[in-house]
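Novice: Build me a structure from this.
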Amino acid sequence: MRLLLLSNSTNPGEEYLGWGKKYIQEFLGNITTTALFIPYAAVTFSYDEYEEKVEKVFSRFGHHIKSVHHAWNPVQAVEEAEAIIVGGGNTWQLVRMMHEEGLMEAVRKKVLAGTPYIGWSAGSNIACPTLRTTNDMPIVDPLNFATLNLIPFQINPHYLDVHPEGHGGETREDRIREFIEINPDVFVVGLREACLLKVEENNLSLVGNKTVRIFKKNHTPEELGSNDDLNFLLKDIRISQEPTC
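Specialist: Numbering: from 1, shown residues only. This is a model prediction of the structure:
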């Protein structure tokens, strides 16, 4: 299984996927790939616009994408994909559409069989067992909270430590503590901006110049960096081909 899970697509003042494109290029290699793109997290812009935006970046380093929304049979498109890419946006909408189109099971089987998977933001969220550590507003009923279950832990993309002055609501850490209180056996990884998690050959590594924050009930939150061993997070990884959806 090969996964590249980015916290975010864009840093302030940078072009789209600017910080991550070199890692994506390295991950896909030099042989030209036409990846299947899943744009369903888009809400305020069209799937065509999303496809064009991502293709513009990928074509610069010799790869291409084709969006699944063009496919007459989306499941077949997944089964024939050379790589699978899932863009960010609203996780709830993404999950709903993937369940409606029957793609959750199809993508899981394809990726477990070795097809490379790249996701950012919502696309990273759905690599987890459930969408329940997303930051997004639940604008639709997702039909099922279960996602791809490719990794046994949860990711919170765009993780922030700051508590803005004058803000009386909960911090990101407060929300994650609520999650682990109800789900005591699950690790949650706070993935900061311009960082990514990579899974290759059953090895999990952090790429980026920031640390991740690791949460689990009855454990003090821990900061781990790119030189630390993160493979303990994979210890409960499921080899079963059965999806959680």
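Novice: OK, contacts around the residue nearest to the spatial centre of the chain?
Specialist: Note on the chain: the residue nearest the mean C-alpha position is Ser124, at 0.6 Å, using CA atoms, centre = their mean. Counting by CB atoms under 8 Å, 6 or more residues apart in numbering, Ser124 touches 5-7, 155, 157, 191, 197. In short, each C-beta sits where N, CA and C put it, glycine included.
Novice: count of neighbours near Thr115?
Specialist: Counted by other CB atoms under 10 Å, the residues lying close to Thr115 total 20.
Novice: now for the helix or strand harbouring Arg96, which elements pack on it?
Specialist: Assigned by DSSP states H and E, Arg96 falls within helix 91-100. When contacts are defined as 3 or more CB pairs under 8 Å, 6 or more residues apart in numbering; DSSP states H and E, helix 91-100 sits against helix 103-112, helix 122-125.
Novice: Let me have these in JSON lines, extended by distance to Asn30 and mean pLDDT.
Specialist: Converted to JSON lines, these look like this (distance: least, CB to CB, whole Å; pLDDT from 0 to 100):
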{"stretch": "helix 103-112", "distance to Asn30": "22", "mean pLDDT": "98"}
{"stretch": "helix 122-125", "distance to Asn30": "23", "mean pLDDT": "98"}
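Novice: Which one, of the ones you listed, ends up nearest to His63?
Specialist: Comparison of the helices and strands packed on helix 91-100 against His63 by CB to CB identifies helix 122-125 as nearest, at 16.4 Å.
Novice: So what's the residue count around Gly89?
Specialist: Around Gly89 there are 22 other residues, counting by other CB under 10 Å.
Novice: related to what we said a few turns ago, sticking with the closest residue to the residue nearest to the centre of the chain other than its chain neighbours, tell me its helix or strand.
Specialist: Take Ser124 and drop its neighbours on the chain: the residue closest to it by CB to CB, 6 or more residues apart in numbering is Leu5, 4.0 Å away. For Leu5, the host element (DSSP H and E) is strand 3-6.
Novice: hmm, who's touching the helix or strand following that strand?
Specialist: Next along the chain after strand 3-6, taking DSSP H and E as the criterion, comes helix 21-28. Here helix 21-28 makes contact (CB under 8 Å, 6+ apart) with 2, 4, 6, 17, 35, 57-58, 60-61, 63, 83, 116, 118, 196, 198, 207.
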